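K.L.:
This is the structure alone, sequence omitted:
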């Protein structure tokens, strides 16, 4: 996925999902302040997306429905979404990745049927995701910063390297447990 950076960090009983605000089309920056991270399910779940915005918004709507259907069970809702995404012809065309958390679990959901919980409580997606992920891993290892500050600083580092990432950040946090 090109043209965005989403980073999720779980630390000290909180999860932070941060996204940059840049939208690009080919070689042109179209917008600097897009919001790619949002709350859902009455504020009890946070999610970020990388990929085509319209596709991601359609997936957010589907995930919201699955969360309602499964009374907020995040893992079950994500598995059901991934199954539909992979098997329904219209959904298979959607190009996006989602990172979601309820404060306890941190998951990546893809159209290939993947629902992945990262081993080390940090994940980056999008074109700047690997840069932000590397920065976040270093900050986790060598500092006592909380999840929100790590996400913020890591995306700022990514924005200094990746041309598809800017430093206009949107961050949502949610309480959970380690």
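P.N.:
Received the coordinates, thanks. Bear in mind the structure is a predicted one, so any value in this text is a computation, not a measurement. Numbers count the residues shown, from 1 in each chain.

K.L.:
what residue of the protein is the furthest out?
P.N.:
Distance from the C-alpha centroid of the chain, by CA atoms, centre = their mean, peaks at residue 89 (24.2 Å).

K.L.:
which residues touch it?
P.N.:
Residues in contact with residue 89 (CB atoms under 8 Å, 6 or more residues apart in numbering): none are found. To be clear about C-beta, it is placed using only N, CA and C from the backbone, and glycine gets the same treatment.

K.L.:
Check it and give its pLDDT.
P.N.:
Per-residue pLDDT puts residue 89 at 72.

K.L.:
go on, residue 60?
P.N.:
Note on residue 60: pLDDT of 88.

K.L.:
Could you do residue 94 as well?
P.N.:
70.

K.L.:
what sits against the closest residue to residue 11 other than its chain neighbours?
P.N.:
Nearest residue to residue 11, sequence neighbours excluded (CB to CB, 6 or more residues apart in numbering): residue 147, at 4.2 Å. By CB under 8 Å, 6+ apart, the contact set of residue 147 is 9, 10, 11, 12, 14, 15, 16, 173.

K.L.:
what separates the third one from residue 17, distance-wise?
P.N.:
Spelled out, it's residue 11. 13 Å (CB to CB, to the nearest Å).

K.L.:
So the two - more neighbours on which side?
P.N.:
residue 17 (29 against 21; other CB atoms under 10 Å).

K.L.:
Check whether the more buried one sits in a helix, strand or coil.
P.N.:
State at residue 17, reduced to three classes by DSSP: H, G, I helix; E, B strand; the rest coil: strand.

K.L.:
So what pairs up with it in the strands?
P.N.:
Beta-bridge partners for residue 17, by DSSP bridges, are residue 8, residue 172.

K.L.:
Which residue ranges of the chain form helices?
P.N.:
53-69, 74-87, 89-92, 129-142, 147-159 (DSSP state H).

K.L.:
just those: most buried one?
P.N.:
A comparison of the helices of the chain by mean neighbour count, using mean count of other CB atoms under 10 Å, puts helix 147-159 on top with a mean of 23.

K.L.:
Report the angle between it and helix 129-142.
P.N.:
Helix 147-159 runs at 130 degrees relative to helix 129-142, counting by axes from the mean of the first three to the mean of the last three CA atoms, to 10 degrees.

K.L.:
Could you give the average pLDDT over helix 147-159?
P.N.:
Taken as a whole, helix 147-159 carries a mean pLDDT of 98.

K.L.:
And stretch 106-124, by the same measure?
P.N.:
Mean pLDDT, computed over stretch 106-124, is 91.

K.L.:
No more questions from me, cheers.
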